[in-house]
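K.L.:
give me a 3D structure for the following:
(one chain, ligands or ions: 1)
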Amino acid sequence: MAQHVETLVIGAGPAGLTTAYTLAKAGRGVTVLEMDPVYVGGISRTVDYKGFKFDIGGHRFFSKSKEVVDLWNEILPDDFIDRPRLSRIYYREKFYAYPLKAFEALANLGIWTATQCMASFGWAKARPIKDPTTFHQWVRNQFGEKLFSIFFKTYTEKVWGMSCDEISADWASQRIKGLDLAAAIIDGVKRSLGVRAKVTAEGAPKTLIESFRYPRKGPGMMWEACADKILALGGQLRMGRKVEGLHYDKVTRLWTVDVTRADGTKETYTADDVVSSAPLRELMQAVSPTPISLFHAGELMYRDFITVVLIGKPQKELPDNWIYIHDPSVKVGRVQNFRSWSPEMIPDGVSTCLGLEYFCFEGDGLWISKDEDLVAQAKREIAKIGLMNPDEVYDACVVRQHKAYPVYDDSYAEHIRMIRLDLKMHFPGLHLVGRNGMHKYNNQDHAMMTGLLTAENIIAGETIHDVWDVNEDAEYGEAGVSGAREALSSVRAVPQKVAA
Ligand SMILES: Cc1cc2nc3c(=O)[nH]c(=O)nc-3n(C[C@H](O)[C@H](O)[C@H](O)COP(=O)(O)OP(=O)(O)OC[C@H]3O[C@@H](n4cnc5c(N)ncnc54)[C@H](O)[C@@H]3O)c2cc1C
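P.N.:
Model (predicted):
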């Protein structure tokens, strides 16, 4: 017998929980179904391993949207800490401050390479590639070929698992927007001279964000508190439930949703509205009648992510929050130092807990490696980088994250356009929110804003906001969204090669 719910939300990540919280506050009926049996928060969860806490990647809380910041403060009024941000780049056995310090970078690169960088920058400006379509072309136009090869190519290819010639220029322009080399050099010189830039919450240049807010026990703390609030307001949250089928009846305008529980048993729900933060490819494959855009959904691609956590004694004191590993001789892409995110992530107060992040595709060699092999590889690589002695690693674990990144290849935008058209014409009442839900490479603040606007649409009973106008850089297009709302911006301190 099917249970009827007013709004059924797929996924208890930031987008799904924000939708549910907004609906519950308005007194509307809402049920969230989450396939994970234990954790809420989705990619923004905090994993607990024997009391050691860590994120899937480190999650900074930054938004220019007052609404999002207000929501964070409302959900977690007493538990934010301000953390200094320190990150470096490791490249060919040297560490570079990030953002770059001009004199240090010059000294590390050597005068010959530095001169080559400036010459190739000048050449790129004098002879730009017209209408760049790839990541490589776009970055080369902005920074020159030499800087591209040192500070963009290796890391970007580790993250995406494809050549920079295959990655769309859209991605580059979106992620690297706002960084100009002249400004970076001036900033770098100031940094070298020890002049610290004034950081303001709004409009601060991307490279200058030197501290960030963080829940003292990691981002999962935010989403656990949000889940509690939803329950207190009368909403429902059901864990260990995977949505596997969604049928739309255009006569009754009702959705029938088939769910498999963690123990293999089945449940069925009916709903007036369904809000989905599940990966768009899987969602469309679960919808019936068969969507005409099914082919397009099947073409969407994702990048997966493994964290190998090493717990032990550090080889040397490590102040960084994270280190980008540009060095091509190791597979690890980034190293997180969870104690620098919050001391409360470390239960004994003395151990070091490093997360070695590997970007991969589900099913590839890394993904299917046994955990013990991944740990052995991580130990070898951390020793090579010089951060930990493998003999002093006394515990380790591996966490795999499916679909950490929606991939922006050169055809994704067209596939999304076709899916949106199909949903608009044939499946009213199915709302897409969040990162994989909308196939948008975004941060929590964007995911939350899409959830908030979707809930407001449902409450209004009509589309008063076009949720697609919240873009990945979390700025609104003017059309469609109230100008009263402040532009969101997922300002990043490390715009030129971020993998959030
Ligand atoms: C390495 C990394 C670092 C990041 N760093 C930052 C950062 O510093 N700051 C920041 O703000 N953001 C950061 N992000 C982005 C942030 O994690 C995401 O923007 C955010 O989690 C997206 O929220 P969401 O609700 O859209 O999706 P998700 O977090 O993916 O949540 C979706 C939920 O839906 C569930 N689900 C999926 N399919 C089904 C189904 N069929 N049935 C039931 N449940 C289902 C999933 O289990 C999951 O819990 C980072 C991301 C990564 C990968």
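K.L.:
where does whatever residue of the stretch 251-400 of the chain ends up closest to the ligand sit: helix, strand or coil?
P.N.:
Relative to the ligand, the nearest point of the stretch 251-400 of the chain is Ala278 (3.3 Å; CB to the nearest ligand atom). No exception for glycine: its C-beta is placed from N, CA and C like everyone else's. When classified by DSSP: H, G, I helix; E, B strand; the rest coil, Ala278 comes out as coil.
K.L.:
same check on Val251?
P.N.:
Following three-state DSSP, the label given to Val251 is coil.
K.L.:
start at 727, not 1
P.N.:
I'll keep to 727 as the first residue from here, and by that count the last item is Val977.
K.L.:
list phi and psi for it.
P.N.:
phi -80, psi -50 (degrees, to the nearest 10).
K.L.:
related to what we said a few turns ago, got the contact list for the residue of the stretch 977-1126 of the chain closest to the ligand?
P.N.:
Ala1004 makes contact with Ile736, Gly737, Val969, Asn1162, Gly1163 under the criterion CB atoms under 8 Å, 6 or more residues apart in numbering.
K.L.:
10 Å instead, please
P.N.:
Contacts for Ala1004 were tallied using CB atoms under 10 Å, 6 or more residues apart in numbering; they are 736-737, 739, 742, 759, 761, 968-969, 972, 1010, 1012, 1129, 1158-1160, 1162-1163.
K.L.:
are any of those residues buried, and which?
P.N.:
Among these, those buried by neighbour count (16 or more other CB atoms under 10 Å) are 736-737, 739, 742, 759, 761, 968-969, 972, 1010, 1012, 1129, 1158-1160, 1162-1163.
K.L.:
among those, which ones lie close to the ligand?
P.N.:
Among the buried ones among the contacts of Ala1004, the ones lying close to the ligand by the criterion of CB under 6 Å from any ligand atom are Ile736, Gly737, Gly739, Gly742, Leu759, Met761, Lys968, Val969, Gly1160, Asn1162, Gly1163.
K.L.:
I'd like those as TSV, with pLDDT and secondary structure appended.
P.N.:
Below are these laid out as TSV (pLDDT from 0 to 100; DSSP: H, G, I helix; E, B strand; the rest coil):
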residue	pLDDT	secondary structure
Ile736	98	strand
Gly737	98	coil
Gly739	98	coil
Gly742	98	helix
Leu759	98	strand
Met761	98	coil
Lys968	98	strand
Val969	98	strand
Gly1160	97	coil
Asn1162	98	helix
Gly1163	98	helix
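K.L.:
pretty sure Phe938 contacts Ser1068?
P.N.:
No. Phe938 is not in contact with Ser1068 according to CB atoms under 10 Å; the separation is 11.2 Å.
K.L.:
mutual contacts of the two, please.
P.N.:
By CB under 10 Å, 6+ apart, the residues touching both Phe938 and Ser1068 are Gly784, Ile807, Arg809.
K.L.:
considering those, which possesses the most neighbours?
P.N.:
Gly784 (25 neighbours; other CB atoms under 10 Å).
K.L.:
which SS class is it?
P.N.:
Going by three-state DSSP: Gly784 is coil.
K.L.:
I figured it was touching Asn1047, is that so?
P.N.:
Yes. Counting by CB under 10 Å, Gly784 touches Asn1047, with 6.0 Å between them.
K.L.:
any common contacting residues for these two?
P.N.:
Contact criterion CB under 10 Å, 6+ apart; residues shared by Gly784 and Asn1047: Arg809, Arg811, Ser813, Phe938, Tyr940, Gln1062, Asn1063, Phe1064, Ser1066, Trp1067.
K.L.:
quick one: mean pLDDT over the strand or helix carrying the fourth one.
P.N.:
Remark: Phe938 resides in strand 937-941, with elements defined by DSSP states H and E. Model confidence over strand 937-941, given as mean pLDDT, is 93.
K.L.:
return the helix or strand that it is followed by as PDB; C-alpha atoms alone will do.
P.N.:
As assigned by DSSP H and E, the chain's next helix or strand after strand 937-941 is helix 945-958. What follows is helix 945-958, C-alpha atoms only, in PDB (Å, rounded to 0.1, in the frame of the first residue of the first chain):
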ATOM      1  CA  PRO A 945      30.200  20.100   7.700                       C
ATOM      2  CA  GLY A 946      28.200  17.000   8.700                       C
ATOM      3  CA  MET A 947      27.400  18.800  12.000                       C
ATOM      4  CA  MET A 948      25.400  21.400  10.000                       C
ATOM      5  CA  TRP A 949      23.400  18.700   8.100                       C
ATOM      6  CA  GLU A 950      22.700  16.600  11.300                       C
ATOM      7  CA  ALA A 951      21.400  19.800  12.900                       C
ATOM      8  CA  CYS A 952      19.300  20.600   9.900                       C
ATOM      9  CA  ALA A 953      17.800  17.000   9.900                       C
ATOM     10  CA  ASP A 954      16.900  17.400  13.600                       C
ATOM     11  CA  LYS A 955      15.100  20.700  12.800                       C
ATOM     12  CA  ILE A 956      13.100  19.100  10.000                       C
ATOM     13  CA  LEU A 957      12.000  16.300  12.300                       C
ATOM     14  CA  ALA A 958      11.100  18.800  15.000                       C
END
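K.L.:
immediately after helix 945-958, which helix or strand?
P.N.:
In the C-terminal direction from helix 945-958 (assignment by DSSP H and E), the next one is strand 962-964.
K.L.:
which strands border that next one, and is each parallel or antiparallel?
P.N.:
strand 756-759 (parallel) (DSSP bridges).
K.L.:
tell me which helix or strand comes right after the strand it pairs with.
P.N.:
Counting by DSSP H and E, what follows strand 756-759 is strand 772-775.
K.L.:
which other helices and strands does that next one contact?
P.N.:
Here strand 772-775 touches strand 778-781, helix 945-958, strand 1028-1040, strand 1114-1132, going by 3 or more CB pairs under 10 Å, 6 or more residues apart in numbering; DSSP states H and E.
K.L.:
ok, now with 6 Å
P.N.:
strand 778-781 (3 or more CB pairs under 6 Å, 6 or more residues apart in numbering; DSSP states H and E).
K.L.:
any part of the strand it packs on near the ligand?
P.N.:
No. Using CB under 6 Å from any ligand atom, strand 778-781 stays clear of the ligand, with a minimum separation of 7.1 Å.
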